[in-house]
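**Q** sequence plus predicted model, see below.
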Amino acid sequence: MFFESSKPVTGDEFFNRMKELAEFKNTVELLKKGSTKYLALIGQRKTGKTSLLRQFMAVVDEPDVIFFEVDCWEKKPTPRIFFQDYLIGVMDGFIRKRYPDRFRLSVRASLTNETNLLTMLADLRSIGIPSLLYATESLLELRGNHLSDTLFSAIIDFPEKLSQETNVYFVSIIDEFQELIDLNRFKHIRENIGDIFAFLRARWQRHNRVNYIVAGSKLTMMNQIITRERAPFFQHFKIIEIGDFSYTDAKQMLNVLSFKAGNPIPQELILRLVELVGTNPFYLQILGGELCASPFSDEKEIDEDAFKITLQENLFNSVGRLSLYFQDLVGRAVGRSASLEQTLITIARHPGTLSSLAERMGIGTGTLKSWIDRVADFITVENGIYQIDDRCLRLWLENKSDVKPILPPLVLGDEAEQTVAQRMAAAGFELIYQSRASRGAFDLLAILQTKELGVQVKKGSFPYYLKKEELQLMQHWAKQLRWQPPLLALVTEADIYFYDVTEWQTEGQSYRIDETTEVIDNLLELV
C-alpha cells in the first residue's frame, strides 16, 4: 500500500519538508564542529513531525553520530518511565551503532525477562566502558525505585560522558516534549530536582557532544515552555513550525501515490479533495488510500460516486477513520466538558467575534473567553474573528451541529442535491450517500426513524423524460433493499417535485413527467 497513515513516512514516499530537513541536517554538521543548536519542532498532531524526524535519522548515516528517541505520548510520563526510556534509548542506540553483531537483544527487549536483562547488562559491562558500566547500575537502581537527584543527573549526563569516552556524537529527540510537565506533580521530582524543565536545561547546557531536538503538538504549552520569558528554556531553542502541505505538494503527493497504487485519482477530484479538507498530509493519506481502495475502484476510473462515499464514510460516519481520530483528538482536549465541545462546534458553524459567539451561546464574553483559552490549539483569531482553520476538523465539528442531517450532500452534493436535502431535512429526514445503490439507481438515502427511502435527484423542466433504464433500476433496487417507495425528486426553476415511481410503467424509452403527474405533497405521509 503506497498511502500510509498508520506509521511515519520515509524514503521515496516522504514529501515536502525539504527546508526543515536541511535545517535538521545542519545541526549535525555544527555538532561535529563543536557547536550545539537546539531545535523545537512545533505543529499540530498528524502534520508529519514524526515522519520528518525519522527521515532526518534515515538520511544522516554517519558512523560517529548516534540517535536516540524518547516518546512522551505513547506512555504517560512518570519519573521512572521517562528516565528509564531516556537511559535505554542511549544504550540501545549505542550498541546498535557500535556492536550490531554482538548483541542478540536490545536492552528494551530484555526488560520483559529478568534473566535476559541481567545477562544483557553483564554483557554490556564486559565491554569495559566506564560510563556504560555506570549506566547499567543506574538502570537497576531505577527498576528498584531508588530515585534520587544523583541518579537523575547521571542518566541525563550519560550520553555526554559516553560520547567523550568513545568519540561519538549523540542527537537526542524527545517527542511530545510538553507532556513532561506532568512530572512536576510527582514527589520524587519536586523533592529531588524541582522543575523538570529547569533541571534538563541545567544539565544539557553542560554538554558539548549531544544536541537536543524536541517536538510537540500542544502548541500553547510548547510556546509557554520555550518562548515565555520566565520559562527555563526561554531562547534556548530555534523554533521550527510545521503545518499543512502547500497546495502544490498536497496535489503532487496524491498524484504520485495514487499512480503508484495503480489507480490514479482524477485531477478534478484531487482538486476537490484538497479544497474540501485542506492539505494536512495525514488526512490526505487516509482519504487518498481509501479512495484508491474503494469498492468501485476496480470497476473503472475513480469517479464522483466513489469520492462522495469515501468522504462520507471516513469523515461523517461515526466509525470512520477520520471521525474516530477527531473523536480522540477533541476528546483529549475537552474531556467530559459539554461546554468546551459546544464552544468548538459553535465556532466551526458560526465563526465570529467574541461578543457574537457569546450571544449565540447565551453566555457572557468572559466565560466564553475562558472556555476558548482551554481549547486554544484548535482556534485561530484574525481581526477579532474566531474560527477553526483546519477545514477537515471544521467539517467534523459541523457534523455534530444542527446541520448533521444533511451535511454530506450539503458539502459534497451538487446544487440540486443540496436543495432536495434541505427540503427533506425540513420534514425530519436525514440524507446521506449510500454505497450499495447510489451508483445510478439512487443519489441519496433518506432516513426517518426506521424508514429508508431511495431518492433519485434530477434537475430539469416540464415535460421531463425519465429514461426507462433509470426507472427500472430504481424500482428494482428499491424492492431489493426495501427502500420503498422509490422517490424521484425533480428540481425545476420554480420548485421541487417529489414522485413515487413504484407503479410507473412505460412502453417506450422514457416516462413523461409533466404538470399533471401525481405529486407527493406531504413527505411525512410516506413514513
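**A** Cool, the structure landed. Numbers count the residues shown, from 1 in each chain.
**Q** which parts of the protein are strands?
**A** With DSSP state E, the ranges of strands along the chain come out as 39-42, 65-71, 169-175, 210-216, 238-241, 380-382, 385-387, 430-432, 444-448, 451-459, 464-467, 487-491, 496-500, 510-513.
**Q** closest one to residue 136 among those?
**A** Proximity to residue 136 (Cβ to Cβ) singles out strand 65-71 among these, at 16.3 Å. Any C-beta I mention is one placed from the backbone N, CA and C, and that applies to glycine too.
**Q** so what's the gap between that closest one and the chain middle?
**A** Strand 65-71 has its C-alpha centroid displaced from the chain centroid by 24 Å (Cα atoms, centre = their mean, to the nearest Å).
**Q** and it with strand 169-175, angle?
**A** Orientation of strand 65-71 against strand 169-175 (axes from the mean of the first three to the mean of the last three Cα atoms, to 10 degrees) gives an angle of 20 degrees.
**Q** I'd like to know which elements strand 65-71 is packed against.
**A** Judged by 3 or more Cβ pairs under 8 Å, 6 or more residues apart in numbering; DSSP states H and E, strand 65-71 is in contact with helix 18-32, helix 79-98, strand 169-175.
**Q** and the average pLDDT for the shortest one is what?
**A** Across strand 169-175, pLDDT averages out at 96.
**Q** low-confidence ranges, the stretch 101-250 of the chain, go.
**A** For the stretch 101-250 of the chain, no stretch is flagged by pLDDT under 70.
**Q** show me where it has helices.
**A** Using DSSP state H, counting those that start in this stretch, the helices of the stretch 101-250 of the chain run over 107-110, 114-126, 130-143, 149-166, 187-192, 196-204, 219-227, 247-260.
**Q** among those, which comes closest to residue 42?
**A** Residue 42 lies closest, by Cβ to Cβ, to one member of the helices of the stretch 101-250 of the chain: helix 219-227, at 5.0 Å.
**Q** against which helices or strands is that closest one packed?
**A** strand 39-42.
**Q** roughly how far is the strand it packs on from the heart of the chain?
**A** Taking Cα atoms, centre = their mean, the mean C-alpha location of strand 39-42 is offset from the chain mean by 19 Å.
**Q** do stretch 406-417 as well
**A** Using Cα atoms, centre = their mean, the distance between the centre of stretch 406-417 and that of its chain works out at 25 Å.
**Q** in it, what counts as buried?
**A** By neighbour count on 16 or more other Cβ atoms under 10 Å, the buried set for stretch 406-417 is 406, 407, 408, 409, 410, 411, 412, 413, 416, 417.
**Q** also stretch 266-282?
**A** Going by 16+ other Cβ under 10 Å, stretch 266-282 has these buried residues: 269, 270, 272, 273, 274, 276, 277, 278, 279, 280, 281, 282.
**Q** which one of those residues is nearest residue 54?
**A** Nearest to residue 54 among the buried residues of stretch 266-282 is residue 281, at 13.7 Å by Cβ to Cβ.
**Q** if we can go back for a sec, now for the strands of the chain, which one comes closest to residue 371?
**A** Closest among the strands of the chain, using Cβ to Cβ: strand 385-387, at 11.1 Å.
**Q** so which residues make contact with that closest one?
**A** Contacts to strand 385-387, defined as Cβ atoms under 8 Å, 6 or more residues apart in numbering, come from residues 347, 351, 352, 353, 354, 357, 372, 379, 380, 381.
**Q** for burial, what's the neighbour tally of the first one?
**A** Meaning residue 347. Neighbours of residue 347 under the rule other Cβ atoms under 10 Å: 25.
**Q** now it: how far from residue 394?
**A** Distance, residue 347 to residue 394, by Cβ to Cβ, to the nearest Å: 9 Å.
**Q** for the nearest residue to residue 89 once chain neighbours are set aside, list each beta-bridge partner.
**A** Spatial nearest neighbour of residue 89, excluding adjacent residues (Cβ to Cβ, 6 or more residues apart in numbering): residue 68 at 3.7 Å. Residue 68 has these beta-bridge partners by DSSP bridges: residue 172.
**Q** start the count at 4 instead of 1 going forward.
**A** Understood, numbering begins at 4; the last thing we discussed is residue 71.
**Q** quick one: contacts for residue 71?
**A** Counted by Cβ under 8 Å, 6+ apart, residue 71 has contacts 89, 92, 93, 95, 96, 162, 173, 174, 175, 176.
**Q** what about the closest residue to the first one other than its chain neighbours, how many neighbours?
**A** Distances taken as Cβ to Cβ, 6+ apart place residue 73 nearest to residue 89, at 5.4 Å, with adjacent residues excluded. The number of residues packed around residue 73, counting by other Cβ under 10 Å, is 24.
**Q** ok, residue 73 touching residue 176?
**A** Yes: contact criterion Cβ atoms under 8 Å: residue 73 and residue 176 qualify, at 7.3 Å.
**Q** hey, what's in contact with both of these two?
**A** Joint contacts of residue 73 and residue 176 (Cβ under 8 Å, 6+ apart) do not exist.
**Q** one step back: would you list the helices of the stretch 104-253 of the chain in a markdown table and tack on mean neighbour count and distance to residue 474?
**A** Below are those laid out as a markdown table (neighbours: other Cβ atoms under 10 Å; distance: least, Cβ to Cβ, whole Å):
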| stretch | mean neighbour count | distance to residue 474 |
| --- | --- | --- |
| helix 110-113 | 18 | 65 |
| helix 117-129 | 15 | 72 |
| helix 133-146 | 18 | 74 |
| helix 152-169 | 19 | 74 |
| helix 190-195 | 15 | 74 |
| helix 199-207 | 18 | 71 |
| helix 222-230 | 18 | 55 |
| helix 250-263 | 18 | 36 |
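**Q** can you redo those as TSV with distance to residue 37?
**A** Output for the helices of the stretch 104-253 of the chain, formatted as TSV (distance: least, Cβ to Cβ, whole Å):
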stretch	distance to residue 37
helix 110-113	30
helix 117-129	29
helix 133-146	20
helix 152-169	12
helix 190-195	32
helix 199-207	16
helix 222-230	24
helix 250-263	36
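**Q** residue 64: which of those is closest?
**A** helix 152-169 (17.9 Å).
**Q** pull that closest one out as CSV, backbone CA atoms only.
**A** The C-alpha coordinates for helix 152-169 follow below in CSV (Å, rounded to 0.1, in the frame of the first residue of the first chain):
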residue,chain,number,x,y,z
ASP,A,152,18.8,13.7,42.2
THR,A,153,22.2,12.0,41.8
LEU,A,154,20.6,9.2,39.8
PHE,A,155,18.5,11.6,37.6
SER,A,156,21.6,13.7,36.9
ALA,A,157,23.7,10.7,36.0
ILE,A,158,21.1,9.5,33.5
ILE,A,159,20.8,12.8,31.7
ASP,A,160,24.6,13.2,31.6
PHE,A,161,25.1,9.6,30.3
PRO,A,162,25.1,10.4,26.6
GLU,A,163,27.6,13.2,27.1
LYS,A,164,30.0,11.0,29.1
LEU,A,165,29.6,8.1,26.7
SER,A,166,30.3,10.2,23.7
GLN,A,167,33.5,11.6,25.3
GLU,A,168,34.8,8.1,26.2
THR,A,169,34.0,6.6,22.7
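**Q** can you name every helix or strand that that helix contacts?
**A** Going by 3+ Cβ pairs under 8 Å, 6+ apart, helix 152-169 lies up against helix 82-101, helix 133-146, strand 172-178, helix 199-207, strand 213-219.
**Q** re the thing from before, in CSV, list the strands of the chain along with distance to residue 527.
**A** Formatted as CSV, those follow (distance: least, Cβ to Cβ, whole Å):
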stretch, distance to residue 527
strand 42-45, 53
strand 68-74, 55
strand 172-178, 55
strand 213-219, 53
strand 241-244, 53
strand 383-385, 42
strand 388-390, 37
strand 433-435, 14
strand 447-451, 8
strand 454-462, 10
strand 467-470, 24
strand 490-494, 13
strand 499-503, 12
strand 513-516, 23
